[in-house]
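Enquirer: Task: produce atomic coordinates for the following.
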Amino acid sequence: TLGSCEVSLEELTGLYAAVAAMGAHRPLRVFPGEAPSRAVLPPDICAAIYAMLEQPLPGDLNPQLIAKGGKPPRVAWKTG
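Expert: Below is the predicted model:
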């Protein structure tokens, strides 16, 4: 269940980054550069998580965030 275990900010960030990369986990880095990846989640699970977290952009966000094509970008977030 959510909130039932303690994780560090780095661990949580790494997990969300792996979900965004369709399951490929790369160690977090302070400086840009390629890091080797390893599969930690199947891509179909990542797609399901992304679908659950995807939300439309709130109306109070800067309209400059809208893509040039006139469609808002896909955004996923979790609160709390």
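Enquirer: Could I get the average pLDDT for stretch 55-73?
Expert: Model confidence over stretch 55-73, given as mean pLDDT, is 65.
Enquirer: Show the residue spans covered by the helices in this structure.
Expert: Secondary structure of the chain (DSSP state H): helices located at 9-20, 43-53.
Enquirer: List just the one of those helices that sits closest to residue 33.
Expert: Smallest distance to residue 33 across the helices of the chain (CB to CB): 14.7 Å, for helix 9-20. Where C-beta positions appear, they are placed from N, C-alpha and C, glycine not excepted.
Enquirer: now the closest one and helix 43-53, what's the angle there?
Expert: Between helix 9-20 and helix 43-53, the angle formed by their directions is 110 degrees, by axes from the mean of the first three to the mean of the last three CA atoms, to 10 degrees.
Enquirer: Including distance to residue 70 and mean neighbour count, could the helices of the chain go into a markdown table?
Expert: Output for these, formatted as a markdown table (distance: least, CB to CB, whole Å; neighbours: other CB atoms under 10 Å):
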| stretch | distance to residue 70 | mean neighbour count |
| --- | --- | --- |
| helix 9-20 | 24 | 14 |
| helix 43-53 | 22 | 13 |
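Enquirer: got JSON lines for those, with distance to residue 32 too?
Expert: Compiled in JSON lines, those are given as follows (distance: least, CB to CB, whole Å):
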{"stretch": "helix 9-20", "distance to residue 32": "14"}
{"stretch": "helix 43-53", "distance to residue 32": "23"}
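Enquirer: Quick one: closest of those to residue 27.
Expert: Ranking the helices of the chain by proximity to residue 27 (CB to CB) places helix 9-20 first, at 7.4 Å.
Enquirer: Now that closest one: average pLDDT?
Expert: When pLDDT is averaged along helix 9-20, the result is 86.
Enquirer: list the helices and strands that helix packs on?
Expert: The helices and strands touching helix 9-20, judged by 3 or more CB pairs under 8 Å, 6 or more residues apart in numbering; DSSP states H and E, are strand 24-25, helix 43-53.
Enquirer: so which of the ones you listed gets nearest residue 31?
Expert: Ranking these by their distance to residue 31 (criterion: CB to CB) puts strand 24-25 first, at 18.2 Å.
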